[in-house]
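**Q** Starting from these lines, generate the structure:
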Amino acid sequence: MLFSVIVPIYNRPDELRELLDSLTQQTRLPDEVLVVEDGSTNRSDGVVAEFADRLPVRYFYKPNSGQGFARNYGFERATGDYFVIFDSDAIIPPHYFETVEAHLQKDPLDAYGGPDAAHPDFTDVQKAISYSMTSPFTTGGIRGSKKNLGGTFHPRSFNMGLSRRVWEKIGGYKISRMGEDIEFAIRIIETGFRTGLIADAFIYHKRRTSFRQFFRQLQFFGRSRINISRFYPAELKLVHTFPALFTLFLVSVPVWALVSPVLFVCAIAFLVVYSVLIGIDGARQAGSLNVGLLSVVAAFVQLTGYGTGFLQEGWKRWREPKDFRETGVDVEYPS
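**A** The predicted structure is shown next:
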């Protein structure tokens, strides 16, 4: 079983250095690593050269077309039986490939995904952000679960593997940004391939290092969910509206003080109880009161970021002609 790792990179050489370093520490090394530089101005070829004697790594540079098509570029040049996709801001635990290989030998999957976690060396802000993206008190509750909303596990491209057979049958990504991994997973499942979660194949996902960056990223994710509805209307479910409803609720609270003092007090009480629950759970999981407090901020940033992006793109979608369909959206990587 040969593993080809494919990493699209865009102006993040320092992140790539950490990722490649973690791959050198695997108990079972990947068989090749393909780094696809997607039109960066701050190139990573020098970083790749640092690891040439420790990893079977290859470097490619191409014009910018988005992370989905950058992954396709890697698929076309990969030689493995499985293509493993990581985001550039990932750190891979030493047991990852040993765990994946053992699972696939026992329980073959056409495509798999794994959870994300916070590394002990992450800053408190990064740990809080990681908590908000996996917490049952936010939309993170459905991430890393064995079943998704439709009853079948949908892998996500930050930590995903697919067999060569999948690539040969359905090709790669059809859109390059704005929910490309969701569309890709839907197509894999609709074609009849078997997907599943490998719970122990987690990665440390750095995500963003500030709440401002995190808000922008989640705003992008909210827009992406609406973009997917352009291709698969049935994939837009009630639960996806929760962050938008929460955002509208939050914005409306000051108005309630003028309309009904009783409703205003109830709204404030709800927000206080919700915040306390998040703070306690975040502190418990991280073993840190500071992370617990920051988790409250991260949860509100996550929900309002996703909610505003969802509302923004939803309004745009509502105003589009009924027969409008996109083949890709020309936006930058979330930063």
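
**Q** going forward, measure contacts and count neighbours with C-alpha atoms only.
**A** OK.

**Q** For the stretch 201-335 of the chain, which segments are assigned as strands?
**A** Using DSSP state E, counting those that start in this stretch, the strands found in the stretch 201-335 of the chain span residues 203-205.

**Q** Can you show me the helices along it?
**A** Under the criterion DSSP state H, counting those that start in this stretch, helices of the stretch 201-335 of the chain are mapped to 211-229, 242-259, 261-286, 289-318.

**Q** Identify whichever of these lies nearest to E18.
**A** helix 211-229 (19.6 Å; CA to CA).

**Q** so what's the nearest residue to A199 once chain neighbours are set aside scoring on pLDDT?
**A** Nearest non-adjacent residue to A199, counting by CA to CA, 6 or more residues apart in numbering: G114, 5.8 Å away. Note for G114: predicted pLDDT of 93.

**Q** Now for G114, how many residues are close by?
**A** 25 (other CA atoms under 10 Å).

**Q** One more: D200?
**A** 14.

**Q** want to throw the helices of the stretch 201-335 of the chain into TSV with distance to I92?
**A** Supplementary listing: these in TSV, determined by distance: least, CA to CA, whole Å:
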stretch	distance to I92
helix 211-229	21
helix 242-259	30
helix 261-286	20
helix 289-318	23
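
**Q** list the contacts for F69?
**A** Residues near F69 by CA atoms under 8 Å, 6 or more residues apart in numbering: G172, Y173, K174, I175, S176.

**Q** let's see 10 Å
**A** P8, V36, D38, F75, G172, Y173, K174, I175, S176, R177, E180 (CA atoms under 10 Å, 6 or more residues apart in numbering).

**Q** can you list the residues you listed in CSV and add pLDDT and distance to A257?
**A** Formatted as CSV, these follow (pLDDT from 0 to 100; distance: CA to CA, whole Å):
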residue, pLDDT, distance to A257
P8, 95, 49
V36, 97, 53
D38, 94, 50
F75, 96, 56
G172, 92, 52
Y173, 92, 48
K174, 89, 48
I175, 85, 45
S176, 80, 45
R177, 77, 41
E180, 88, 42
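
**Q** among the residues you listed, which ones are buried?
**A** Buried by 16 or more other CA atoms under 10 Å: P8, V36, D38, F75, G172, Y173, K174, I175, S176, R177, E180, out of the contacts of F69.

**Q** These in strands, which ones?
**A** Within the buried ones among the contacts of F69, residues falling in strands by DSSP state E are P8, V36, D38.

**Q** just the residues you listed now: which is nearest F51?
**A** V36 (15.1 Å).

**Q** average pLDDT across stretch 46-64?
**A** For stretch 46-64, mean pLDDT is 96.

**Q** Which residues does it contact?
**A** 4-10, 13-18, 20-21, 23-25, 29-40, 43-45, 70, 73-74, 77, 332.

**Q** repeat that with 7 Å
**A** 13, 17, 24, 31-39, 45 (CA atoms under 7 Å, 6 or more residues apart in numbering).

**Q** Brilliant, that's me finished.
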